[in-house]
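*Asks:* Turn this into a structure:
(one chain, ligands or ions: 1)
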Amino acid sequence: MSAPAASDRQRIESLRADIERHNYQYYALDAPLISDAEYDRLFRELQTLEAGHPELVSPDSPTQRIGSAPLAGFETVKHRVSMLSLNNAFDEEEVTAFDRRMREALVTERIDYAAEPKFDGLAVSLCYEHGVLAHGATRGDGESGEDVTANLRTVRAIPLRLAGRNPPVLLEVRGEVVMLRADFEQLNQAQRAKGEKEFVNPRNAAAGALRQLDSRITSTRKLAFFAYGLGAAEGAPAFGTHSALLDYLAECRFPVAKERKVVTGVDGMLEYYRAIGGKRAGLPYDIDGVVYKVNDLAGQRELGFVSRAPRYAVAHKFPAEEAMSEIIAIDVQVGRTGALTPVARLKPVFVGGVTVTNATLHNEDEIRRKDIRIHDTVVVRRAGDVIPEVVRVINDKRPAQAPVFEMPAACPVCGSAVQRLEDESVARCTAGLYCPAQRKQALLHFASRRAMDIEGLGDKLVEQLVDNNIVKTSADLYELDVAALAGLERMAEKSAANVVAAIAKSRRTTLARFIFALGIRNVGERTAADLARAFGDLEPLLQADEQMLQQVPDVGPVVAQSIAQFFAEPHNRDVVGQLLAAGVSFERTPRAANVSSRMSGRTFVLTGALPNLSRDEAKERIEAKGGRVTGSVSKKTDFVVVGADPGSKYDKAVELGITVLDEEGLQELLKE
Ligand code: 5U1
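*Replies:* As a prediction, this is how the structure comes out:
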């Protein structure tokens, strides 16, 4: 092929720049400068030129937004900087308390907050290297997410290349992918016309689109994006305030909420909340509250984080939506740990964006406290993704002789005795994994995305595997072959092969996921990760007694007892042995630190800017050595690491006689 004429190359570049500018005008500003026909003409011209010069096609060309061949699965990517979640405030009092905390910590009278709507979508991180979109990932558990780059490239509102002359070496932009209400309505209309299932709400439709393995399908779903923050950055301008950062993101051509505003103090925040609440129904997208962030970035750094949420920000949520319905029946569900949960079966009612037919009644005491009876008319509440619940009974509407609910004395699934311990509100089936309901839930948990991540092992399949006695324990999953699955309902040979492949793939995992997958009572994802970090391998964990377990951060006597009891049970040890024999393996987790390390189990507070380490790098390195980083200085703090312009935390450290380190001192400790 002959080398492209310079004029073709130039025309291609100029078309790309024009098309991306028009994308920005259309998708971010909602202010197109040209007609659709003119846009299509530019696009077709670019396609024709690129077809003649395939060597000039680059990933940041707008023609590459149409998706590419399907993937076998998503890779997991670790975020350079954790993706945090937000603490919530549900009323004015909580917002007032938030402002008080901020003023006290920053020792000031009044604070400016950057306020913006809280989008009801999916958080993603977009990584730009030298100004070009290189990777994009979902939030996942905040530490790592799924690589959905191919799908994010199809989102027209996401720039493939940052506008501006001197792009940073690295820029991780954080924001939310949403589906605009109008696009959602259109999508559902098309689904109806095709006789296909409609989506429940824009959020679910956006989530479905983003998790498509075939990005060509994603490209047909109209997704939008709004940027609201940064992750890692190298070579980016220095900003003094969050609002300046958002202005910069807008200059780079990211859509940023038009409704953003800097407000002052509680009055400003509440006024903003009311104003957005008033506009909410007319906004083009769903929101579930507003977010306030301390606008001054030095103040944000000073305030730091607590657990996985920044101390400097809060989401002020709109009240959950409520509606009335009638209880048709009260059923009892058996959970993974045998807990019996009464569930109200309701006349279908539309609330919080979805049709609700079930609501949790939590437990027997809750039913008594609210005096809920079968056939009562009740108020049902649904907020965000949480399970709908019955708020209260409309007493005037109670029919005569509405039956009172009685917790069954025998498990509704296996018939075994039900036990309720004196100090617990929960009644439990006593059969353990001999109860098919518990077995099914345990298997679903084992296979879940955050545990062994076995795609395709869902409710319907697990139900059949257990009911037909094909699988009794999680270890039996690794014995399954295509022949065993192919005969089951809704299991064509191809799906059976996919499930078998997904099971095989899950053999290689991490210790943290494995521990979480075992389903030990009181051991969630975070505790599992702490245990993996503290013990480094499975064997020492199996050997640990309650006392040793309590040495792990955040493991108290109750959790330690659950773990010790779990591993003392011969059946559980057998299953663990069978899983290992079936080839389940994990890289050894680097141990947090040996017990003699000076950093292990110690609490650190960082204040002020360190000369060579970012806050996140310092935190990561301290944690890798088994230390913990917290946001405020107290008697429990062991070290305060001080950088330039330290705030009140330094004074407090001196007052309490806590060891103060500079960066050099920290580096010395890290070297040990
Ligand atoms: N608008 C907005 N949503 N949102 C979500 N801002 C924002 N900031 C977030 C999150 C999780 O986190 C930062 C405060 C770290």
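
*Asks:* Point out the residues in the stretch 1-150 of the chain that sit beside the ligand.
*Replies:* Applying CB under 6 Å from any ligand atom, we find that the stretch 1-150 of the chain lies next to the ligand at 84-86, 116, 118, 123. Yep, even glycine has a C-beta here, placed from its N, CA and C like the rest.

*Asks:* between those, which has the most around it?
*Replies:* Glu116 (24 neighbours; other CB atoms under 10 Å).

*Asks:* a strand runs through that residue, doesn't it?
*Replies:* Yes. Counting by DSSP: H, G, I helix; E, B strand; the rest coil, Glu116 is located in a strand.

*Asks:* what sits against it?
*Replies:* 228, 246, 257, 259-261, 290-291 (CB atoms under 8 Å, 6 or more residues apart in numbering).

*Asks:* Output the below-cut-off pLDDT ranges for this protein.
*Replies:* 1-4, 307, 383-385, 588-597 (pLDDT under 70).

*Asks:* same thing but at 50, please
*Replies:* Applying pLDDT under 50 to the chain flags residues 1, 593-596.

*Asks:* rewinding a little: and the contacts of Glu116, which of them are buried?
*Replies:* 228, 246, 257, 260-261, 290-291 (16 or more other CB atoms under 10 Å).

*Asks:* Select from those residues every entry located in helices.
*Replies:* Residues of the buried ones among the contacts of Glu116 located in helices (DSSP state H): Leu246.

*Asks:* about what we covered before: hmm, which two among the contacts of Glu116 are most spread apart?
*Replies:* Leu246 and Val290 (14.5 Å; CB to CB).

*Asks:* Adjacent strands (with direction) for the longest strand along the chain?
*Replies:* If you go by DSSP state E, the chain has its longest strand at strand 321-334. Using DSSP bridges, strand 321-334 pairs in its sheet with strand 340-351 (antiparallel), strand 377-382 (antiparallel).

*Asks:* Quick one: closest of the ones you listed to Asp453.
*Replies:* strand 340-351 (25.8 Å).

*Asks:* what comes up buried for that closest one?
*Replies:* For strand 340-351, burial by neighbour count (16+ other CB under 10 Å) applies to 340-344, 346, 349, 351.

*Asks:* Dump the strands paired with strand 321-334 to JSON lines, plus distance to Thr149.
*Replies:* As requested, those are arranged in JSON lines below (distance: least, CB to CB, whole Å):
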{"stretch": "strand 340-351", "distance to Thr149": "36"}
{"stretch": "strand 377-382", "distance to Thr149": "33"}
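
*Asks:* out of those, nearest to the ligand?
*Replies:* Closest approach to the ligand among the strands paired with strand 321-334 (CB to the nearest ligand atom): strand 377-382, 20.7 Å.

*Asks:* Please, where are all the helices along the stretch 51-200 of the chain?
*Replies:* Assigned by DSSP state H, counting those that start in this stretch, the stretch 51-200 of the chain shows helices spanning 92-106, 149-153, 181-193.

*Asks:* Tell me which of these is the most buried.
*Replies:* Mean neighbour count (mean count of other CB atoms under 10 Å) peaks for helix 149-153 among these, with a mean of 24.

*Asks:* what does that helix contact?
*Replies:* Against helix 149-153 from outside (CB under 8 Å, 6+ apart): 59, 64-65, 67-68, 71, 124, 126, 133-137, 158, 160, 177, 209-212, 215, 218.

*Asks:* what does stretch 396-414 give?
*Replies:* By CB under 8 Å, 6+ apart, stretch 396-414 touches 330-332, 334, 338, 340, 342, 361, 364, 367, 372-377, 416-418, 420, 427, 429-431, 434-437.

*Asks:* Excluding chain neighbours, what is closest to the closest residue to the ligand within the stretch 551-672 of the chain?
*Replies:* The ligand sits closest to Asp616 of the stretch 551-672 of the chain, with a gap of 11.8 Å, by CB to the nearest ligand atom. Excluding the flanking residues, the one nearest Asp616 by CB to CB, 6 or more residues apart in numbering is Val81, at 4.9 Å.

*Asks:* didn't the one you found look like it was pressed against Gly231?
*Replies:* Yes. Contact criterion CB atoms under 8 Å: Val81 and Gly231 qualify, at 4.2 Å.

*Asks:* Send me the host helix or strand of Arg369 as PDB with only the CA atoms.
*Replies:* Here Arg369 sits within helix 364-370, counting by DSSP states H and E. Below are the C-alpha coordinates for helix 364-370, written out as PDB (Å, rounded to 0.1, in the frame of the first residue of the first chain):
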ATOM      1  CA  GLU A 364     -40.400 -11.900  64.200                       C
ATOM      2  CA  ASP A 365     -39.800  -9.100  66.700                       C
ATOM      3  CA  GLU A 366     -40.100  -6.500  63.900                       C
ATOM      4  CA  ILE A 367     -43.400  -8.000  62.900                       C
ATOM      5  CA  ARG A 368     -44.700  -7.800  66.500                       C
ATOM      6  CA  ARG A 369     -43.300  -4.300  66.900                       C
ATOM      7  CA  LYS A 370     -45.000  -3.000  63.800                       C
END
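
*Asks:* How about it, which residues are buried there?
*Replies:* Neighbour count says helix 364-370 has 364, 367, 370 buried, by 16+ other CB under 10 Å.

*Asks:* Which one of these is nearest to Pro319?
*Replies:* For the buried residues of helix 364-370, the nearest to Pro319 is Lys370 (18.8 Å; CB to CB).

*Asks:* Could you double-check that the closest one lies in contact with Arg392?
*Replies:* Yes. Taking CB under 8 Å as the definition, Lys370 is a contact partner of Arg392 at 6.1 Å.

*Asks:* Now do the contacts for Val482.
*Replies:* Contacts of Val482 were listed using CB under 8 Å, 6+ apart, and they are 493, 496-497, 500.

*Asks:* And the furthest pair within these?
*Replies:* Spatial extent of those (CB to CB) is set by the pair Glu493 and Val500 at 10.4 Å.

*Asks:* So between those two, which is more surrounded?
*Replies:* Counted by other CB under 10 Å, Glu493 and Val500 do not tie: Val500 has more neighbours, with 20 against 11.

*Asks:* Excluding chain neighbours, what is closest to the more buried one?
*Replies:* Val500 sits nearest to Val482 (CB to CB, 6+ apart), 5.5 Å away.

*Asks:* now do Ala206
*Replies:* Met179 (4.3 Å).

*Asks:* quick revisit: got JSON lines for the contacts of Glu116, with distance to the ligand too?
*Replies:* Shown next, in JSON lines, are the contacts of Glu116 (distance: CB to the nearest ligand atom, whole Å):
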{"residue": "Tyr228", "distance to the ligand": "4"}
{"residue": "Leu246", "distance to the ligand": "10"}
{"residue": "Ala257", "distance to the ligand": "7"}
{"residue": "Glu259", "distance to the ligand": "10"}
{"residue": "Arg260", "distance to the ligand": "8"}
{"residue": "Lys261", "distance to the ligand": "12"}
{"residue": "Val290", "distance to the ligand": "8"}
{"residue": "Val291", "distance to the ligand": "4"}
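
*Asks:* out of the residues you listed, which are inside strands?
*Replies:* Of the contacts of Glu116, the ones assigned to strands by DSSP E are 228, 261, 290-291.
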